[in-house]
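Colleague: Using only what follows, build the 3D model:
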Amino acid sequence: MTDEYTFIYLYLFFGACFGFATYSKRHLFSEGPRKELSSDKTSLLEGRVFWVMVCTFLWPIMVITRINTAWVLFKRKKQSQK
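Modeller: Numbering: from 1, shown residues only. You can find the predicted model right below:
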């Protein structure tokens, strides 16, 4: 039974670790690279729990989103240097 579910457990474990590791940089995984000052203020536990839950199941999408944000930031930096 453990061999059948090993990949699922690893996927979920990696996603949870990814969520804990990226919580402080979660603004870089959104539609833009800026933190929203007007966002709802939640307690640290509620925000972290929600972020880890989302990342646990959707971490591949979050990685792709971060790559896109990094590309946008790179292009902005390159344009500002001209």
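Colleague: So what's the residue count around R76?
Modeller: R76 has 11 neighbouring residues, counting by other CB atoms under 10 Å. Every residue, glycine included, has its C-beta placed from N, CA and C.
Colleague: Relative to the whole chain's centre, how far out is the helix or strand containing it?
Modeller: In the assignment (DSSP states H and E), R76 maps to helix 44-80. How far helix 44-80 lies from its chain's middle: 4 Å, per CA atoms, centre = their mean, to the nearest Å.
Colleague: Please point out which parts of it sit buried.
Modeller: 48, 51-52, 54-56, 59, 62, 66, 69 (16 or more other CB atoms under 10 Å).
Colleague: which intervals of the protein have sub-threshold pLDDT?
Modeller: Along the chain, segments meeting pLDDT under 70 span 1-2, 30-42, 44-46.
Colleague: repeat that with 90
Modeller: 1-5, 22-51, 65-66, 68-70, 72-73, 76-82 (pLDDT under 90).
Colleague: quick one on the thing from earlier: pipe the buried residues of helix 44-80 into TSV and attach distance to F7 per row.
Modeller: Putting these into TSV (distance: CB to CB, whole Å) gives the following:
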residue	distance to F7
R48	26
W51	23
V52	20
V54	20
C55	18
T56	15
W59	14
M62	19
R66	23
T69	28
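Colleague: name the helices or strands packed onto the helix holding R76?
Modeller: Packing contacts for helix 44-80, counted by 3 or more CB pairs under 8 Å, 6 or more residues apart in numbering; DSSP states H and E, involve helix 2-22.
Colleague: got the angle between the helix holding R76 and helix 2-22?
Modeller: Orientation check (axes from the mean of the first three to the mean of the last three CA atoms, to 10 degrees): helix 44-80 against helix 2-22 gives 70 degrees.
Colleague: so G19 makes contact with F50?
Modeller: No. Look at G19 against F50 with CB atoms under 8 Å: they stay out of range, at 9.3 Å.
Colleague: can you give me how far stretch 70-82 is from the chain middle?
Modeller: 21 Å.
Colleague: quick one on the thing from earlier: ok, of the buried residues of helix 44-80, which one's closest to Y9?
Modeller: Distances from Y9 to the buried residues of helix 44-80, taken as CB to CB, are shortest for T56 (11.4 Å).
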